[in-house]
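A.B. asks: Any chance you can model this:
(one chain, ligands or ions: 1)
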Amino acid sequence: MCGIVGYVGWRGAQEVLVNGLRRLEYRGYDSAGVAVVDGKGGLEVHRAAGPLDNLVAVLPEDGAVGSVSGSSAALRATTGMGHTRWATHGPPTDRNAHPHRDATGKVAVVHNGIIENFAALRAELEAEGVELASDTDTEVAAHLVARAFSADPDGGLTAAVRATVARLEGAFTLVFTHADRPDEIVAARRSSPLVVGVGQGEMFVASDVAAFIDHTRDAVELGQDQVVTLTADGAVVTDFHGETARTRPFHVDWDIAAAEKGGHDFFMLKEIEEQPASLADTLRGHLVDGRVVLDEQRLSDQELRDIDKVFVVACGTAYHAGLLAKYAIEHWCRIPVEVEVASEFRYRDPVLDRSTLVVAISQSGETADTLEAVRHAREQKARVLAICNTNGAQIPRESDAVLYTHAGPEVGVAATKTFTAQVIACYLVGLALAQTFGTKYADEVAREYAELESSADAVARVLEAVVEPTRALARDLAPSKAVLFLGRHVGFPVALEGALKLKELAYMHAEGFAAGELKHGPIALIEQDLPVVVVMPSPKGRAILHQKLLSNIREIQARGARTIVVAEEGDETVRPFAEHLIEVPAVSTLLQPLVASIPLQVFAAEVARARGYDVDKPRNLAKSVTVE
Ligand code: M6R
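C.D. replies: Residues are numbered from 1 along each chain as shown. Model (predicted):
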């Protein structure tokens with residue numbers, strides 16, 4: 001939620017910031033703003049409600065792009081910061097857009113997170129006669145920094161920021177500029193992510209490396225409760241008390257092309273097509289000398305062997321991947337697995353101890369609900385294993401073991417390639433546990449691993465065969481009011497995921513059901529011409545389930561539904577009951593969700609497109625949900 005970028009260097013700051021914000025728009029697109037500062041013109045702020053283009057339309061534009069000359073500070077300045085907002089406190093208006101300023105207009109701040117004690121701070125400032133210009137929780141930070149800076153000008157902006165963050169509660173990543181300090185920016189991090197980009201004579205700070213990947217792939221990850229002062233020559237990182245802090249430098253292993261649309265109309269469509277590669281990349285290198293290895297493991301084999309229960313916690317799409325983890329882990333390890341949405345987990349006081357493993361799945365690694373579930377689990381002494389797509393994010397940092405999905409950056413708000421990568425990563429975790437528990441021999445693990453490796457080819461075949469027909473089907477069904485999704489066994493999470501994609505992208509009422517539950521209520525929803533998508537199990541491995549689902553299809557067809565059936569190639573028995581048949585390759589049971597979810601992703605994207613919606617930026621949503 002909310003994207004932040006800051007720059008100090010030699011380029012025109014405005015252009016660097018706007019380009020950075022373009023890559024961060026997935027984090028929020030309710031409003032955007034930039035603040036730039038230079039020695040002559042002081043601090044200049046521009047803000048606009050709505051998408052980034054609205055901001056671009058109000059920015060000064062005399063002078064060549066990238067130049068550092070011109071009549072306004074915005075065009076001369078080589079220091080500044082920008083923000084793209086997902087509104088929490090105050091509606092998405094110009095006045096609530098970041099950056100916010102103090103009363104003198106000398107300090108500007110951008111913020112990601114929530115300052116929980118802002119009401120008390122606001123009341124304190126108002127009692128002192130300060131007039132606040134916005135409804136946000138953020139603005140108080142600008143006034144507090146201005147006050148601290150005036151009280152101790154020799155301490156500079158850094159000391160003023162430290163004094164301010166000491167008073168804040170909640171989650172906050174903040175970046176400040178001061179008109180009297182045109183050559184530096186100062187940022188503070190608690191919970192919400194922040195990375196520093198290290199260039200030649202220029203430095204960046206951002207919520208995500210994507211914001212500065214055009215300029216540098218060398219980055220430094222900031223830890224919890226750290227303050228960084230950036231000048232063109234480098235960064236000084238301390239903790240909130242001013243002590244030198246440890247940081248972790250890293251090199252970004254993807255380049256600018258990964259953050260571009262690559263000829264597609266939407267990022268999501270590109271990301272759907274990247275799935276064979278992201279599956280292969282996620283698996284690569286994890287079978288070493290016949291053993292499945294994780295990326296990071298701070299648990300001994302004995303600690304893992306002591307595990308007698310697994311909880312999987314995650315949100316949204318990651319939760320659906322977690323549902324699939326249960327099938328694999330229980331099947332391979334014969335150990336009970338519970339799967340729970342992270343936002344509910346800690347509030348019901350789950351039974352956790354040293355012998356519990358909590359598997360936290362999060363693409364971003366910063367989802368607040370999942371992070372809090374991880375913290376709760378660790379407080380109760382449970383072991384935590386994270387599956388994450390973002391190197392060094394908060395959830396993996398706070399976990400005992402980590403397996404990274406290597407899906408690359410996912411810009412579309414709807415999770416696609418990260419979902420299938422999470423599923424394959426869950427299966428890897430299942431195999432790692434099975435070998436530790438001794439429920440699978442090395443040769444069995446190797447066979448299963450090879451099976452997982454075949455998923456990339458199977459998904460590539462689906463993409464070749466089904467994308468075009470599914471697009472046509474989507475255009476046909478786009479005017480529908482609602483769509484239901486049915487599945488059984490591993491097809492049930494696929495049905496849930498198909499419905500979620502359609503809801504979030506096409507703003508259509510969509511529900512996923514376990515097909516056996518239909519007769520216990522949802523069948524009342526079936527009416528003439530209602531599209532119902534059915535995810536069929538294989539007629540071979542799962543013959544009994546297949547039979548039962550055939551009966552379910554008959555029941556809904558008899559009540560007038562339009563049946564769209566995703567079934568294994570060669571499954572002739574289903575053909576008479578399918579108004580539209582989407583055939584996917586025959587694969588093992590656990591791989592079926594991977595091949596079956598691809599057409600549902602394409603379907604949702606195309607229905608949304610046919611309805612005229614922005615596929616990458618669905619309304620009201622943001623890619624990273626850093627508030628509970
Ligand atoms: O970053 P995370 O995997 O923790 O995000 C969890 C959900 O917010 C996310 O999967 C969301 O449901 C997707 N955008 C849906 O497509």
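A.B. asks: There's contact between residue 158 and residue 186 in this structure, I believe.
C.D. replies: Yes - the pair residue 158 / residue 186 is scored as a contact, 5.2 Å apart, by C-beta atoms under 8 Å. For every residue, glycine as well, the C-beta is placed using N, CA and C.
A.B. asks: what number of residues lie near the closest residue to the ligand within the chain?
C.D. replies: Going by C-beta to the nearest ligand atom, the ligand is nearest to residue 316 of the chain, at 1.9 Å. Residue 316 has 22 neighbours, counted by other C-beta atoms under 10 Å.
A.B. asks: What of residue 265?
C.D. replies: Using other C-beta under 10 Å, residue 265 is surrounded by 12 other residues.
A.B. asks: Quick check: phi and psi at it.
C.D. replies: Main-chain torsions, residue 265, degrees, to the nearest 10: phi -70, psi -30.
A.B. asks: same thing with the one 5 residues further on?
C.D. replies: Residue 270 adopts backbone torsions of phi -70, psi -40, taken as degrees, to the nearest 10.
A.B. asks: how close does the residue nearest to residue 317 when sequence neighbours are not counted get to residue 429?
C.D. replies: Spatial nearest neighbour of residue 317, chain neighbours left out: residue 415 (3.9 Å); criterion: C-beta to C-beta, 6 or more residues apart in numbering. Here the criterion is C-beta to C-beta, to the nearest Å. By it, residue 415 lies 18 Å from residue 429.
A.B. asks: I'd assumed residue 34 was in contact with residue 80.
C.D. replies: Yes - with contacts counted by C-beta under 8 Å, residue 80 reaches residue 34, the gap being 5.9 Å.
A.B. asks: for residue 184, what are its contacts?
C.D. replies: Neighbouring residues of residue 184 by C-beta atoms under 8 Å, 6 or more residues apart in numbering: 8, 79, 157, 177, 229-231.
A.B. asks: Helices - which of those land there?
C.D. replies: Counting by DSSP state H, the part of the contacts of residue 184 found in helices is residue 157.
A.B. asks: Which of the contacts of residue 184 ranks first by neighbour count?
C.D. replies: The most crowded member of the contacts of residue 184, judged by other C-beta under 10 Å, is residue 177 (31 neighbours).
A.B. asks: which ones are touching that one?
C.D. replies: 35, 37, 43, 79-81, 107-108, 157, 184-185.
A.B. asks: Please list which of those are also close to the ligand.
C.D. replies: Among the contacts of residue 177, none lies close to the ligand by the criterion of C-beta under 6 Å from any ligand atom.
A.B. asks: Pick the one among the residues you listed closest to residue 598.
C.D. replies: The shortest approach to residue 598 among these belongs to residue 81, at 39.7 Å (C-beta to C-beta).
A.B. asks: phi, psi of the nearest residue to that closest one once chain neighbours are set aside?
C.D. replies: Nearest in space to residue 81, with sequence neighbours left out and distances taken as C-beta to C-beta, 6+ apart, is residue 6 at 4.1 Å. Here is the backbone geometry of residue 6 (degrees, to the nearest 10): phi -130, psi 150.
A.B. asks: Can you give me the neighbour number for residue 6?
C.D. replies: Residue 6: 32 surrounding residues under other C-beta under 10 Å.
A.B. asks: I'd say it and residue 188 touch.
C.D. replies: No - at 11.7 Å, residue 6 does not count as touching residue 188 under the criterion of C-beta under 8 Å.
A.B. asks: where exactly do the helices run in the stretch 1-150 of the chain?
C.D. replies: Secondary structure of the stretch 1-150 of the chain (DSSP state H, counting those that start in this stretch): helices located at 13-24, 52-58, 73-76, 118-127, 139-151.
A.B. asks: Turn those helices into a markdown table, columns for mean pLDDT, distance to residue 205 and mean neighbour count.
C.D. replies: Shown next, in a markdown table, are the helices of the stretch 1-150 of the chain (pLDDT from 0 to 100; distance: least, C-beta to C-beta, whole Å; neighbours: other C-beta atoms under 10 Å):
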| stretch | mean pLDDT | distance to residue 205 | mean neighbour count |
| --- | --- | --- | --- |
| helix 13-24 | 95 | 10 | 25 |
| helix 52-58 | 94 | 19 | 16 |
| helix 73-76 | 69 | 19 | 24 |
| helix 118-127 | 95 | 23 | 15 |
| helix 139-151 | 96 | 16 | 24 |
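A.B. asks: Distance to the ligand added to those, as CSV?
C.D. replies: Shown next, in CSV, are the helices of the stretch 1-150 of the chain (distance: least, C-beta to the nearest ligand atom, whole Å):
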stretch, distance to the ligand
helix 13-24, 15
helix 52-58, 20
helix 73-76, 34
helix 118-127, 25
helix 139-151, 26
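A.B. asks: what about those helices, which gets the closest to residue 534?
C.D. replies: Between the helices of the stretch 1-150 of the chain, helix 13-24 lies closest to residue 534; by C-beta to C-beta that is 38.7 Å.
A.B. asks: Which strands or helices does the closest one pack on?
C.D. replies: strand 3-8, strand 31-38, helix 52-58, strand 79-85, strand 203-206 (3 or more C-beta pairs under 8 Å, 6 or more residues apart in numbering; DSSP states H and E).
A.B. asks: pLDDT of the fourth one, averaged?
C.D. replies: Meaning strand 79-85. Rounded to a whole number, the mean pLDDT of strand 79-85 is 95.
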